[in-house]
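S.K.: give me a 3D structure for the following:
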Amino acid sequence: MKKPMVEKMTPDVLENLKSGKVRSDDLFGDSKELIIIHDNQEYRMRITGNGKLILTK
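M.R.: Sure, this is the predicted structure:
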């Protein structure tokens with residue numbers, strides 16, 4: 001799994017993060033999958049072939 005390009009986040013992207021909004025392409029970068037840690041549990045978020053988001057434990 002490729003890591004998203006977090007180091008290339010622009011000031012606009014960082015400002016959106018502070019307000020609770022983020023574009024999925026800013027979050028995923030070139031990847032189709034992320035691991036989100038919530039309450040010490042890992043969740044996988046991925047972009048399907050149809051462009052939908054799926055979150056699984």
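
S.K.: in the chain, which spans are strands?
M.R.: Using DSSP state E, the strands found in the chain span residues 33-38, 41-47, 53-56.

S.K.: can you get me a residue count around residue 33?
M.R.: Applying other C-beta atoms under 10 Å, we find 13 residues neighbouring residue 33. All C-beta atoms are positioned from the backbone trio N, CA, C, and that covers glycine.

S.K.: report the contact partners of the residue nearest to it when sequence neighbours are not counted.
M.R.: Distances taken as C-beta to C-beta, 6 or more residues apart in numbering place residue 46 nearest to residue 33, at 4.3 Å, with adjacent residues excluded. With contact set as C-beta atoms under 8 Å, 6 or more residues apart in numbering, residue 46 has these partners: 32, 33, 34, 53, 54, 56.

S.K.: and the pLDDT at the fourth one?
M.R.: To tie it back to what came earlier, the one meant is residue 53. Here, the pLDDT recorded for residue 53 equals 97.

S.K.: tell me what it is bridged to.
M.R.: Note on residue 53: beta-bridge partners residue 47, judged by DSSP bridges.

S.K.: that one is in contact with residue 36, isn't it?
M.R.: No. Using C-beta atoms under 8 Å, residue 53 is not in contact with residue 36; the gap is 11.4 Å.

S.K.: most centrally placed residue in this protein?
M.R.: The chain has residue 27 as the residue nearest its centroid, 3.4 Å off, counting by C-alpha atoms, centre = their mean.

S.K.: so who does the closest residue to residue 44 other than its chain neighbours touch?
M.R.: In space, and not counting its chain neighbours, residue 44 is closest to residue 56: 5.2 Å by C-beta to C-beta, 6+ apart. Contacts were defined as C-beta under 8 Å, 6+ apart; by that measure residue 56 touches 43, 44, 46.

S.K.: cutoff 10 Å now
M.R.: By C-beta atoms under 10 Å, 6 or more residues apart in numbering, residue 56 lies in contact with 42, 43, 44, 45, 46.

S.K.: separate out the buried members of the residues you listed.
M.R.: The neighbour-count test (16 or more other C-beta atoms under 10 Å) marks residue 45 as buried among the contacts of residue 56.
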